[in-house]
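A.B. asks: For reference, the sequence and a predicted model appear below.
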Amino acid sequence: MLPKSRLLSFLLLGVGVALLVAGLVAPRFINEDARLPLDLGATTYSLIDDAADTRLPDDRVATAPVTHQLHMEIQNPADEDSATVRVGETYMRGSRQEELDRLISAEVWTYGVDRVTGEFLTTATLTDQLASPVSEVAVEGQWLKLPAPAEETTYQVFDPALRETRPAEFAEALEINGRTIHRYRQEIEPTNLATLYASPFNTIDFEDGQGYRFHSATRDLLVDKLSGLVVEIREDIDSYYGTLEGEKREQILLFEGRMPAEQVEAHLADAAEVRDPATSGIIRWVVVGVGALLALLGLAGAFGAFGRRR
């Protein structure tokens with residue numbers, strides 16, 4: 001029968017080899033990057049302006065509270081590298097009217113996204129009119145998820161009103177709740193939407209000719225550096241009907257939206273749940289090191305290095 005020291009050595013050898021193998025093969029089974037979580041929790045961005053100017057169905061312009069809401073859901077099909085994202089976007093006027101009368105606009109976007117870079121992988125399907133078929137929109141760049149980690153650079157970020165991307169330039173790095181947050185500024189000059197895509201809302205008849213819908217925006221995206229998740233949006237939007245030369249004639253929407261503090265806190269907490277790749281790598285190599293040490297000790301003991309001398 002083997003002495004207890006030899007049995008303990010073989011046990012150490014087995015545990016060490018197991019830890020060593022587990023640490024070395026872990027990258028094949030465990031993702032070590034901060035990719036988009038499939039169980040993402042806080043996915044609603046509600047931007048509120050208590051005194052926005054909006055165009056009413058009877059062509060009057062009213063000043064009232066307006067909420068711009070983006071609600072993102074992660075759906076199937078999804079795998080280790082990609083996921084399907086559904087984003088519902090609404091502009092809702094705050095008043096005592098029925099909900100349908102308060103609704104300014106509503107769109108639903110569905111597309112495939114790269115879970116690491118946040119880039120669009122497919123064309124997007126768009127539903128923007130009741131009882132109308134969905135349309136296919138060629139999309140590119142990023143929207144509510146930037147690459148992980150987010151760099152101090154310029155990204156092409158999607159604007160749903162344009163149905164195109166515009167650059168969002170890195171502006172500054174902030175520390176919020178112990179996390180590094182990057183702020184990116186996106187400036188969109190007044191753009192004639194009728195030149196980008198066909199829509200019954202993009203033109204209007206003036207007394208002296210045709211009018212066109214123009215859209216401009218200044219948008220700040222606050223992005224968690226580690227995960228690339230957008231945790232806050234601030235935007236100023238000016239949408240109006242104007243002449244072909246861009247002269248403003250009739251206001252459609254003048255909006256300065258900011259998110260409630262508690263919603264920003266929820267997004268920050270959600271980003272904090274994303275695994276830090278550096279920490280995961282350190283833990284893996286610690287496991288490899290401990291496994292190698294135990295294996296060496298067990299191997300030495302198995303050959304009698306720790307046996308009792310006569």
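C.D. replies: Yes, it's here.
A.B. asks: Surely N192 is in contact with E247?
C.D. replies: No. The criterion here is CB atoms under 8 Å, and N192 misses it with E247 at 11.7 Å. Any C-beta I mention is one placed from the backbone N, CA and C, and that applies to glycine too.
A.B. asks: Between the two, tell me which one has more neighbours.
C.D. replies: The neighbour count for N192 versus E247, taken as other CB atoms under 10 Å, is higher for N192 (17 against 10).
A.B. asks: ok, what's across the strand from that one?
C.D. replies: F214 (DSSP bridges).
A.B. asks: Could you do A124 as well?
C.D. replies: Residues in a beta bridge with A124, per DSSP bridges, are V137.
A.B. asks: Same question for D224.
C.D. replies: I181.
A.B. asks: Please apply the same query to Q69.
C.D. replies: S46, T90.
A.B. asks: I'd guessed it sits against V87; true?
C.D. replies: No. In this structure, Q69 is not within contact of V87 by CB under 8 Å, at 10.3 Å.
A.B. asks: Quick one: list the elements packing against whatever helix or strand I188 lives in.
C.D. replies: I188 belongs to strand 179-192 when assigned by DSSP states H and E. If you count contacts as 3 or more CB pairs under 8 Å, 6 or more residues apart in numbering; DSSP states H and E, strand 179-192 packs onto strand 154-159, strand 164-176, strand 209-224, strand 230-242, helix 261-272.
A.B. asks: what's the spacing between the most centrally placed residue in the chain and D159?
C.D. replies: The chain has K145 as the residue nearest its centroid, 2.5 Å off, counting by CA atoms, centre = their mean. Applying CB to CB, to the nearest Å, the value for K145 to D159 is 15 Å.
A.B. asks: Then D59?
C.D. replies: D59 is 26 Å from D159, by CB to CB.
A.B. asks: Tell me which of the two has more neighbours.
C.D. replies: Neighbours were tallied for D59 and for D159 using other CB under 10 Å; the higher tally belongs to D159 (20 against 8).
A.B. asks: remind me which residues of this structure are low pLDDT?
C.D. replies: For the chain, applying pLDDT under 70 flags the ranges 1-33, 42, 96-100, 130-132, 276-310.
A.B. asks: which residues in the stretch 1-150 of the chain form strands?
C.D. replies: Listed in chain order, the strands of the stretch 1-150 of the chain (DSSP state E, counting those that start in this stretch) span 44-55, 61-75, 82-93, 103-114, 124-127, 135-137.
A.B. asks: P260: neighbouring residues, count only.
C.D. replies: Around P260 there are 11 other residues, counting by other CB under 10 Å.
A.B. asks: Does it touch S46 like I think?
C.D. replies: Yes. P260 is within contact range of S46, at 6.7 Å (criterion: CB under 8 Å).
A.B. asks: partners of the helix or strand following the strand holding I188, with directions?
C.D. replies: Once the chain leaves strand 179-192, the next helix or strand it forms, by DSSP H and E, is strand 203-206. Here strand 203-206 has these sheet partners by DSSP bridges: strand 209-224 (antiparallel).
A.B. asks: mind checking how far the strand holding I188 is from the chain centre?
C.D. replies: Relative to the centre of its chain, strand 179-192 is centred 14 Å away, using CA atoms, centre = their mean, to the nearest Å.
A.B. asks: Report the inter-axis angle for it versus strand 164-176.
C.D. replies: Angle, strand 179-192 to strand 164-176, by axes from the mean of the first three to the mean of the last three CA atoms, to 10 degrees: 150 degrees.
A.B. asks: Can you mark which positions in strand 179-192 are buried?
C.D. replies: 181-186, 188, 191-192 (16 or more other CB atoms under 10 Å).
A.B. asks: likewise stretch 248-268?
C.D. replies: 252-259, 263-264, 266-268.
A.B. asks: who touches G118 in this structure?
C.D. replies: 36, 142-148, 228 (CB atoms under 8 Å, 6 or more residues apart in numbering).
A.B. asks: ok, and the closest non-adjacent residue to D81?
C.D. replies: R115 (6.0 Å; CB to CB, 6 or more residues apart in numbering).
A.B. asks: Test my guess that the one you found contacts I74.
C.D. replies: No. Counting by CB under 8 Å, R115 stays clear of I74, with 9.1 Å between them.
A.B. asks: what sits in contact with each of the two?
C.D. replies: 36, 83.
A.B. asks: could you list every residue that touches A173?
C.D. replies: Residues near A173 by CB under 8 Å, 6+ apart: 152, 180-183, 225.
A.B. asks: where's it relative to Q75, distance?
C.D. replies: 33 Å.
A.B. asks: Also A34?
C.D. replies: With distances taken as CB to CB, A34 is found 20 Å from Q75.
A.B. asks: Same drill for these two, tell me which one is more crowded.
C.D. replies: Neighbours were tallied for A34 and for Q75 using other CB under 10 Å; the higher tally belongs to A34 (25 against 11).
A.B. asks: Cheers, nothing more for now.
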